[in-house]
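**Q** heads up, no residue letters with this:
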């Protein structure tokens, strides 16, 4: 789908209008830009993953399970690591289970907990989807590597201050 390009940057215009009424123009501009880029990148990632029957959220969950020693994690731990609400984890695991990418199992030490365990089919789809994401450079192919490292460094203090790590 091709979109008509605007003759102006709507975020610059929003910042101009913002500055006529309120303070923190630079912060508003940066946050609005960050959120818009997040929307654009996520849409591209989801498009890349669609042929694999995945969204980026489901892909992240499968990668998390791939990285775990046993290939399984309690749903609660998945929510913590993915930083999503328990309801979202349940929905993600439901979809992955329906696709045959994970199975639910009782936790061997804690009968109250449920584990999500990646299947061979889940591992295969992670490999195929990852190959496509890497080829597309995670929808950031137009950004030079040095700029990507700088972007990560610029965002780190925000994540750290929020208690992300």
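**A** That came in fine, so what should we check first? Just so it is clear, the structure is predicted and the values come from calculations on it, not from any experiment.

**Q** Only C-alpha atoms from now on, for both contacts and neighbour counts.
**A** OK.

**Q** Show me the shaky parts of this structure.
**A** 1-2 (pLDDT under 70).

**Q** Could you rerun that using 80?
**A** For the chain, residues meeting the criterion pLDDT under 80 lie at 1-3, 111.

**Q** Just give me the neighbour total for the nearest residue to residue 125 once chain neighbours are set aside.
**A** Of all residues beyond its chain neighbours, the one nearest residue 125 is residue 52 (6.7 Å), with distances taken as CA to CA, 6 or more residues apart in numbering. Neighbour count for residue 52, taken as other CA atoms under 10 Å: 15.

**Q** can you pull the contacts of residue 52?
**A** Residue 52 makes contact with 125, 128-129, according to CA atoms under 8 Å, 6 or more residues apart in numbering.

**Q** Could I get the full set of helices for the protein?
**A** 10-19, 25-49, 56-67, 75-82, 86-98, 120-135, 145-161 (DSSP state H).

**Q** Which secondary structure elements does the first one sit against?
**A** When you say that, I think you mean helix 10-19. helix 25-49 (3 or more CA pairs under 8 Å, 6 or more residues apart in numbering; DSSP states H and E).

**Q** Looking at the contacts of residue 52, which one is closest to residue 29?
**A** Of all these, residue 29 sits closest to residue 129, with 33.5 Å by CA to CA.

**Q** The closest one is in contact with residue 46, isn't it?
**A** No. Applying CA atoms under 8 Å, one finds residue 129 not in contact with residue 46, separated by 10.7 Å.
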